[in-house]
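In: just a sequence and a predicted model for now, questions to come.
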Amino acid sequence: MSKIIAVTSGKGGTGKSSVCAGLGYTLAKQGHRTLLIELDFGLRCLDIMFGVENEIKYDLGDVLAGRKTALDAVQTVPMANNLSLLCAPKTLTSVNAKQIVEICRSVKKYFEYIIIDTGAGINSHVFDIVEQANLILVISTPDPVCIRDASLMSDEFYNRGNKSQRLIINKISKKVIGEALVSNLDEIIDKVGVQLIGVIPDDFTMTVATGKGNPIPTDSSALKAFDAISKRLGGEFVPLTVKTA
C-alpha cells in the first residue's frame with residue numbers, strides 16, 4: 001500500500017514545492033518508488049526543478065479531462081529513476097477531492113510513496129484533498145505571517161479530525177533565528193502546535209540546482225536535511241540536528 005503524504009502551507013512563498021522536490025528526490029535515492037502529484041494549477045514548477053520541462057507530454061489536466069490515464073501522464077525523472085511526476089496543467093483547471101482520490105487509487109500499487117503538492121492557502125479545496133492523506137506535512141518559514149497561517153491551517157485540520165500532522169520549518173538561517181524574526185525554533189513549534197519532523201536550512205546551492213533542473217549537490221545542507229526527514233517518514237530514528245547558514 002502506498003503512503004499518501006500531503007504537503008501544504010497556509011500561504012505562498014514557504015517553499016512548499018521545493019520541499020516536495022527535496023523529499024521526493026531523497027526518498028527515490030533511498031530506493032523508494034515515489035510519485036509527486038502537483039496541484040498548483042497554472043503555476044507548475046516541478047518539471048523545471050527536475051530538468052524535464054521539455055519532456056512533459058501530458059499532465060494532470062489531460063487525466064482530469066479523461067484524455068489520458070494517470071500512468072500515461074506520469075513522467076519519470078532521469079536524475080532519480082525511482083521518482084516520477086504528475087505535473088499540474090499550465091492553465092487553471094477545476095478539481096475535487098474525489099478525482100484526486102481516484103487518481104491515487106489507480107496508481108498506488110506502483111508506488112511506495114505518493115506526495116501531493118497542494119495549492120497554498122486556506123480553502124475548502126485544499127482541506128477536502130488533504131483529508132485523504134495518511135500524513136499531512138505543514139510547511140512554515142520563520143516569518144510571523146507564515147507561522148500564523150500554518151497554525152490556522154493546522155487547527156482546521158484538527159477540527160476536521162486530521163491528527164496525523166507534522167511540521168517542517170523551511171528557510172532557516174542564523175539571520176532570522178535569535179536576531180530578527182523569532183527567538184528560537186521552539187517558538188515556531190509552540191505557535192503552530194504541530195510536532196516537528198524536520199528543519200530545512202536556507203541553502204543557495206539547492207536553489208541554484210532546482211532552478212537549473214540539476215541534481216542537488218551531495219554536500220548541500222538542505223539535501224542532508226531532506227534525507228533525514230525522508231528516513232523519519234519511513235520510521236527510522238534519525239536525530240534532529242539543525243545547522244543554519
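Out: Looks like it arrived, so ask away.

In: which residues of the chain fall in helices?
Out: 16-29, 46-49, 60-64, 70-73, 97-107, 124-130, 144-159, 185-192, 204-212, 221-233 (DSSP state H).

In: just the ones you listed: most buried one?
Out: Mean neighbour count (mean count of other Cβ atoms under 10 Å) peaks for helix 16-29 among the helices of the chain, with a mean of 25. Yep, even glycine has a C-beta here, placed from its N, CA and C like the rest.

In: tilt between that helix and helix 204-212?
Out: Comparing the axes of helix 16-29 and helix 204-212 via axes from the mean of the first three to the mean of the last three Cα atoms, to 10 degrees yields an angle of 90 degrees.

In: now the helices of the chain as TSV including mean pLDDT and distance to residue 116?
Out: Shown next, in TSV, are the helices of the chain (pLDDT from 0 to 100; distance: least, Cβ to Cβ, whole Å):
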stretch	mean pLDDT	distance to residue 116
helix 16-29	95	8
helix 46-49	92	12
helix 60-64	91	11
helix 70-73	94	13
helix 97-107	89	7
helix 124-130	71	7
helix 144-159	90	14
helix 185-192	89	20
helix 204-212	91	19
helix 221-233	94	14
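
In: what would those look like in TSV with distance to residue 36?
Out: Listed next are these as TSV, based on distance: least, Cβ to Cβ, whole Å:
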stretch	distance to residue 36
helix 16-29	5
helix 46-49	6
helix 60-64	11
helix 70-73	12
helix 97-107	12
helix 124-130	15
helix 144-159	21
helix 185-192	24
helix 204-212	13
helix 221-233	13
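
In: out of those helices, nearest to residue 85?
Out: Among those, helix 46-49 comes nearest to residue 85, with 5.5 Å by Cβ to Cβ.

In: hmm, who's touching stretch 184-204?
Out: With Cβ atoms under 8 Å, 6 or more residues apart in numbering as the test, stretch 184-204 has contacts from 15, 19, 22, 137-138, 140, 142, 147-148, 150-151, 154-155, 165-173, 177-178, 182, 220-223, 225-226, 228-229, 232-233, 240, 242-245.

In: straight-line length of that stretch, end to end?
Out: 22 Å (Cα to Cα, to the nearest Å).

In: equivalent analysis for stretch 232-239, please.
Out: Stretch 232-239 has an end-to-end distance of 9 Å (Cα to Cα).

In: over to stretch 21-39?
Out: 14 Å.

In: so who does residue 162 touch?
Out: By Cβ under 8 Å, 6+ apart, the contact list for residue 162 reads 130-131, 133, 136.

In: of those, buried ones?
Out: Neighbour counting by 16 or more other Cβ atoms under 10 Å classes 130, 133, 136 among these as buried.

In: any chance of a markdown table for these, columns distance to residue 209?
Out: Formatted as a markdown table, those follow (distance: Cβ to Cβ, whole Å):
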| residue | distance to residue 209 |
| --- | --- |
| 130 | 28 |
| 133 | 27 |
| 136 | 27 |
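
In: which of those sits closest to residue 93?
Out: The nearest one, if we look at the buried ones among the contacts of residue 162 relative to residue 93 and count by Cβ to Cβ, is residue 130, at 18.3 Å.

In: name the nearest residue to that closest one, sequence neighbours excluded.
Out: residue 6 (4.3 Å; Cβ to Cβ, 6 or more residues apart in numbering).

In: can you pull the contacts of the one you found?
Out: By Cβ under 8 Å, 6+ apart, residue 6 lies in contact with 116, 118, 129-130, 132-133, 135-137.
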